[in-house]
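Engineer: With the input below, show me the fold.
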Amino acid sequence: MRVRRFVLLVSVLGVCLLLLTLQTRGEGATAGQVVALVTTPLQTVLTKANRAAVGLWTTYLDWKNVRSENRRLRGEVEQLRVDSLRVRETEDENARLRRLLTLRERLPLATVAGEVIAREWSWARSLTVNRGRGDNVLRMTPAIAPEGLVGRVVEVRSGTSIVQLLTDPASTVGATVQRTRTPGIVEGEPRGTARFKYMARDGAAIQIGDLVVTSGLGGVFPKGIPIGRVSAIIDRGSALFHYATLTPVVDFSRIEEVLLLTGQTAQDLVTYFPGDR
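Structural biologist: Numbering: from 1, shown residues only. Next up, the predicted model:
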């Protein structure tokens, strides 16, 4: 250890003596070059490390700002989606209400518009509308939509009414085939469909696609309101009655507004539903 220390001391003294000698002979530039040669690599390493550290910090700040910006933009996009859905919903509602208003203005009898506020899809099939005794709604009042028949009011409360759909198993409506004038009865079925019951001798006259409308018999429903179209004919051979499966013209799962027919008319209303002729 002592030898190593002595050699190191001699080396340092030798370097110092050499530098002093060079400087004394006017060769300071060469000494400076020697110092620069020794210190330049160290300075280069330190400079690169400093730049790398600054770059990392800048990248971190940029990443943090981008995350914040992305969060803000996501919020704006979600808000725009909500606004778009609201606008679309408003447009759809306006279109439905315009159709309902057009029908109301065309019909030759008094009506009350009602909004569907509840649905019942168990054994009984019904709608609850926000019209009741205060709106002069009576039991057995027919309910229609721009497409055709919905059903009838079976219960009236102070501010609401229960509308029995024509697909309810307890529902029966006097009807006729518009093209052939074949009379019959539309009955609701437990599976939520409807069928047209008619005399067997008229079976050959009915075709798939025929429109079935209210007959006006019984005094509950005005004549000529579209009910549904024949989708299948059930041949029962020599039986007294035949049945035809109907596809209702009204989509009960999507209906949101109805017209309650509070007035009476003897006119055939089928002309007020041109879309179903």
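Engineer: For the chain, give me the ranges with low pLDDT.
Structural biologist: 1-43, 83-89, 91, 93, 97, 200-204, 237, 266, 274-277 (pLDDT under 70).
Engineer: Which parts of it are helices?
Structural biologist: 2-24, 28-106 (DSSP state H).
Engineer: how deep is the closest residue to Val153 other than its chain neighbours tucked in, by neighbour count?
Structural biologist: Once flanking residues are discounted, Val153 sits nearest to Thr141: 4.3 Å by Cβ to Cβ, 6 or more residues apart in numbering. Using the backbone N, CA and C atoms, a C-beta is placed for each residue, glycine as well. For Thr141, the neighbour count with other Cβ atoms under 10 Å is 22.
Engineer: Go ahead and confirm Thr141 touches Leu261.
Structural biologist: Yes - at 6.3 Å, Thr141 counts as touching Leu261 under the criterion of Cβ atoms under 8 Å.
Engineer: beta partners for Ala143?
Structural biologist: Gly151, Leu260 (DSSP bridges).
Engineer: burial measure for it, as a count.
Structural biologist: 29.
Engineer: For it, list the residues it contacts.
Structural biologist: By Cβ atoms under 8 Å, 6 or more residues apart in numbering, Ala143 lies in contact with 114, 127, 129, 149-153, 163, 258-261.
Engineer: repeat for Pro108
Structural biologist: Contacts for Pro108 (Cβ under 8 Å, 6+ apart) come out as 265, 267.
Engineer: I'd like to know how far it sits from Ile255.
Structural biologist: Going from Pro108 to Ile255 by Cβ to Cβ, to the nearest Å gives 23 Å.
Engineer: same deal with Val270?
Structural biologist: Applying Cβ to Cβ, the value for Val270 to Ile255 is 20 Å.
Engineer: again with Thr271
Structural biologist: 22 Å.
Engineer: Neighbour count: these two, which is higher?
Structural biologist: Ile255 (19 against 10).
Engineer: all strands for the stretch 101-250 of the chain, in order.
Structural biologist: 111-121, 125-129, 142-144, 149-156, 161-165, 172-177, 183-188, 194-199, 211-214, 226-234, 241-248 (DSSP state E, counting those that start in this stretch).
Engineer: Make JSON lines from the ones you listed and add distance to Leu103 to it.
Structural biologist: Supplementary listing: the strands of the stretch 101-250 of the chain in JSON lines, determined by distance: least, Cβ to Cβ, whole Å:
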{"stretch": "strand 111-121", "distance to Leu103": "8"}
{"stretch": "strand 125-129", "distance to Leu103": "16"}
{"stretch": "strand 142-144", "distance to Leu103": "8"}
{"stretch": "strand 149-156", "distance to Leu103": "12"}
{"stretch": "strand 161-165", "distance to Leu103": "17"}
{"stretch": "strand 172-177", "distance to Leu103": "19"}
{"stretch": "strand 183-188", "distance to Leu103": "21"}
{"stretch": "strand 194-199", "distance to Leu103": "22"}
{"stretch": "strand 211-214", "distance to Leu103": "15"}
{"stretch": "strand 226-234", "distance to Leu103": "12"}
{"stretch": "strand 241-248", "distance to Leu103": "17"}
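Engineer: between those, which gets nearest to Ala53?
Structural biologist: Comparison of the strands of the stretch 101-250 of the chain against Ala53 by Cβ to Cβ identifies strand 111-121 as nearest, at 66.1 Å.
Engineer: The closest one: which residues count as buried?
Structural biologist: 111-114, 116 (16 or more other Cβ atoms under 10 Å).
Engineer: between those residues, which is nearest Val173?
Structural biologist: Thr111 (18.7 Å).
Engineer: show me what contacts that closest one?
Structural biologist: Going by Cβ under 8 Å, 6+ apart, Thr111 touches 104, 259-263.
Engineer: Turn those residues into CSV, including neighbour count.
Structural biologist: Converted to CSV, the contacts of Thr111 look like this (neighbours: other Cβ atoms under 10 Å):
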residue, neighbour count
Arg104, 16
Leu259, 21
Leu260, 24
Leu261, 23
Thr262, 16
Gly263, 12
